[in-house]
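Novice: any chance you can model this:
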Amino acid sequence: MDTDAPLLGEPLPVELMNTVWADRDGVHDALRDRDGVRAWLRRVCARTDLLSPGDLDRLTTPDLDRLAHRLTGLRDALRRLAAEATGDPRPAAASDVRELDAAVAVLNEAAGDTPRWSVLTWTPGGAPSRHTRTSGQAASAAVSAIAEDAVTLFSQDARDQLRACFGPGCVLYFLKDHPRREWCSAGCGNRARSARHYRRHRGTTA
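Specialist: Okay, the predicted model is just below:
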């Protein structure tokens, strides 16, 4: 099963925010059930050294339920922080977390929930290499790592690049990585240009 969430190549905290997405049928949650949680983690696991497909296969139903709770809580907190950083006025994009201090508390708790650390291995005649260890499940550690990346995102200059996409009906976020970038995707840009063309044409006809 593949995830419903659009994956745009954004940093993982932004990809997690974008597990809330919209189309003509309304706003959707890609983490709405266990299958959705597993599918999203499977798609992003290659982007972290903490999680492998095998780790996901070993998760039990209670494990997935706990992960779903942690991921959706973190996701909603990040969307509240993103709305604060971008001045996002979109009602459909509003987070279930209403207070800024509550969102910060959820993020900080998630970042410290599962300890992880780096270790060095170096055998005679071989090259040194870095590995990551964790005191808990790999999937849980991956969630904490996403939260830590989000702390970095919101506390550094990258926060100023964060944007809400104002394509018609869109509820996604993106990092403005090019001066001319205005939308989360080419599709949103095309829809926005079509909507502007339609409004101009309708005004001329009227």
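Novice: so what's residue 97 closest to, chain neighbours aside?
Specialist: Distances taken as CB to CB, 6 or more residues apart in numbering place residue 80 nearest to residue 97, at 4.3 Å, with adjacent residues excluded. (Each C-beta comes from the backbone N, C-alpha and C, glycine too.)
Novice: ok, how many other residues are close to the one you found?
Specialist: By other CB atoms under 10 Å, 24 other residues sit near residue 80.
Novice: would you mind measuring from it to residue 9?
Specialist: Computed with CB to CB, to the nearest Å, the distance linking residue 80 and residue 9 is 23 Å.
Novice: okay, now the unreliable bits of this protein?
Specialist: 192, 194-206 (pLDDT under 70).
Novice: now do the helices in it.
Specialist: 12-17, 34-44, 53-57, 61-86, 100-112, 138-155, 186-205 (DSSP state H).
Novice: who touches residue 145 in this structure?
Specialist: By CB atoms under 8 Å, 6 or more residues apart in numbering, the contact list for residue 145 reads 48, 50, 116.
Novice: switch the cut-off to 6 Å
Specialist: Contacts here follow CB atoms under 6 Å, 6 or more residues apart in numbering; on that basis residue 145 touches 48, 50.
Novice: give me the distance between it and residue 189.
Specialist: 32 Å.
Novice: likewise for residue 115?
Specialist: With distances taken as CB to CB, residue 115 is found 42 Å from residue 189.
Novice: between these two, which is the more surrounded one?
Specialist: Per other CB under 10 Å, whichever of residue 115 and residue 189 has more neighbours is residue 189, with 15 against 11.
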